[in-house]
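S.K.: Provided below are the primary sequence and the corresponding predicted coordinates.
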Amino acid sequence: MHRHSVTAAVLAVVAISCGAGAGAESVAECHAAAMAQAVAEDAYIAALTVVSDDDGHRHAPSDDHDHAEIEERVIASRVDVILATEATRRACQ
């Protein structure tokens, strides 16, 4: 099973259970935020895999990768995860 489907499933269950006492619109917003968070987390993991080997150890990028560009993508995707997590928290209160 792909990590995305696992993350999405877990977040969907959390979103539905957290919004159980709310109206349908609130539950839908919570679910959408949780799914967006799962996508952001997957993008972050994808960015990390560019600078990691199969064992998860970070390494210098190869000649066909620009180190600054890769690090920029990793940082930007991490910020996206933080923002998505906060959006999920707000939507699923």
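M.R.: Yep, it's here. Numbering: from 1, shown residues only.

S.K.: which secondary element of the protein has the worst mean pLDDT?
M.R.: Of all the helices and strands that make up the chain, the one with the lowest confidence by mean pLDDT, DSSP states H and E is helix 3-18; it has a mean of 60.

S.K.: buried residues in the next helix-or-strand element following that helix, which are they?
M.R.: As assigned by DSSP states H and E, the chain's next helix or strand after helix 3-18 is helix 24-50. Of the residues in helix 24-50, those with enough neighbours to count as buried (16 or more other C-beta atoms under 10 Å) are 26-27, 29-31, 33-44, 47-48. Every residue, glycine included, has its C-beta placed from N, CA and C.

S.K.: which other helices and strands does helix 24-50 contact?
M.R.: For helix 24-50, the packing partners by 3 or more C-beta pairs under 8 Å, 6 or more residues apart in numbering; DSSP states H and E come out as helix 3-18, helix 67-91.

S.K.: quick one: it to helix 67-91, angle?
M.R.: If you take axes from the mean of the first three to the mean of the last three C-alpha atoms, to 10 degrees, helix 24-50 sits at 160 degrees to helix 67-91.

S.K.: now do helix 24-50, average pLDDT.
M.R.: Averaged over helix 24-50, pLDDT sits at 88.
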